[in-house]
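In: What would the 3D arrangement of this be:
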Amino acid sequence: MSQRSEPTTDTAEPLNRADRVDSATEVFVAHRNLLFTVAYEMLGSATDAEDVLQETWLRWVGVDLAAVREKRAYLVRIVTRQALDRLRALDRRKESYVGPWLPEPLLTTPDVADDVELADNVSMAMLLVLETLAPIERAVFVLREVFDLDYDEIAEAVDKTPAAIRQIAYRARAHVAARRPRGVVSPAQTRAALQAFQGAVETGDLQRLLDILAPDVVALSDGGGIKHALLRPIVGAGNVARLLAVGWWKRDAERSVELVQINGGPGLLVRVNGQIDGVVAVRVENGYITGAYHVRNPEKLSRVERETTVSR
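Out: Below is the predicted model of the structure:
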């Protein structure tokens, strides 16, 4: 009696598909922190960066991995293209945003501060500088200066020639250099300035505030039209000191202030009546605070409840 053969053809394809998904998942997870950082650097929004990662995954899982030689570069190319599309949409949303728009803060892991260059590039101050670039300039700057991709790789990611990328990179680098914080500031220097700032704000000591604020300091706060916040930037040490001395945050509530790691550097996490109410980050140059950034929009505070890993 002849034996009946097993129906292998019906099960082989589902098994192969499952294997492909498993392989795609393994590669994606291995590079996920890098991809999130690329998207976040380009967008300044963790929420939008996560959406970009989801879109990247949906495209990645359909790719024939056997035909991809450099999987990291391929994933970066996908995430860059998705982030560029999202950045243009985000720019349109900002046009109707109530008050100043600030990047979504991240509670970062302590090791981020050990990579001085990465910490500087994900800082609130640097992300605000990147906001002044055109979308394509921002993408090229991030990929070249932060992640050290070569011009050919960037050209593929943004559909430009390598020669055009060199020109864009040159313009973006000059633009950022003219606006980024001058000199290297250690975490200890930032922490000291931030603690002095905290003490002066809590006591309402006007002179102490004037002692730590740069003459051209700029204060920004972001409530998104949901929480009370400044509707325009406040410029100048005297103006900012008076604002802070009379109370940037309420003194009549049960309030606690904790020194934490925000975007790779020291920041303040503010709780009111036990609930997270905001985050304060500062830009420090030559021992003085040149920028103070207060994020109160509750839609931007989900990433300060738990640590986020960024990498390159």
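In: Select the longest helix from the chain.
Out: In the chain, assigned by DSSP state H, the helix with the most residues is helix 8-43.
In: Check which helices and strands it is in contact with.
Out: The helices and strands touching helix 8-43, judged by 3 or more Cβ pairs under 8 Å, 6 or more residues apart in numbering; DSSP states H and E, are helix 46-60, helix 71-94. In this view, the C-beta of every residue, glycine as well, is placed from N, C-alpha and C.
In: mind putting those helices in CSV, distance to residue 206 and mean pLDDT included?
Out: Formatted as CSV, these follow (distance: least, Cβ to Cβ, whole Å; pLDDT from 0 to 100):
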stretch, distance to residue 206, mean pLDDT
helix 46-60, 36, 96
helix 71-94, 34, 93
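In: Make a markdown table out of the ones you listed and add distance to residue 116 and mean neighbour count.
Out: Below are these laid out as a markdown table (distance: least, Cβ to Cβ, whole Å; neighbours: other Cβ atoms under 10 Å):
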| stretch | distance to residue 116 | mean neighbour count |
| --- | --- | --- |
| helix 46-60 | 22 | 19 |
| helix 71-94 | 23 | 18 |
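In: any chance of the ones you listed in CSV, with distance to residue 257 too?
Out: Output for the helices and strands packed on helix 8-43, formatted as CSV (distance: least, Cβ to Cβ, whole Å):
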stretch, distance to residue 257
helix 46-60, 22
helix 71-94, 29
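In: So which bits of the longest helix of the chain are buried?
Out: For helix 8-43, burial by neighbour count (16 or more other Cβ atoms under 10 Å) applies to 20, 24, 27-28, 31-32, 34-43.
In: Report the lowest-confidence entry in those residues.
Out: When those are sorted by pLDDT, the bottom entry is residue 20 at 76.
In: Look at residue 13 and report its pLDDT.
Out: For residue 13, pLDDT reads 51.
In: Next, the angle helix 46-60 makes with the longest helix of the chain.
Out: If you take axes from the mean of the first three to the mean of the last three Cα atoms, to 10 degrees, helix 8-43 sits at 150 degrees to helix 46-60.
In: what about the host helix or strand of residue 164, average pLDDT?
Out: For residue 164, the host element (DSSP states H and E) is helix 162-177. Here helix 162-177 scores 96 as its mean pLDDT.
In: Show me what counts as buried in the helix or strand following it.
Out: Downstream of helix 162-177, the next assigned helix or strand under DSSP H and E is helix 187-203. Buried residues in helix 187-203, counted by 16+ other Cβ under 10 Å: 189-190, 193-194, 196-198, 200-201.
In: Which strands or helices does helix 187-203 pack on?
Out: By 3+ Cβ pairs under 8 Å, 6+ apart, helix 187-203 packs against helix 206-212, helix 237-245, strand 255-262, strand 265-272, strand 275-285, strand 288-295.
In: now the angle from the longest one to strand 288-295?
Out: It refers to strand 275-285. Using the same axes, to 10 degrees: strand 275-285 against strand 288-295 is 150 degrees.
In: who touches strand 275-285?
Out: 105, 123-125, 181-183, 185, 189-190, 193-194, 197, 214, 227, 249, 255, 262-263, 265, 267-271, 289-296, 301, 304-305 (Cβ atoms under 8 Å, 6 or more residues apart in numbering).
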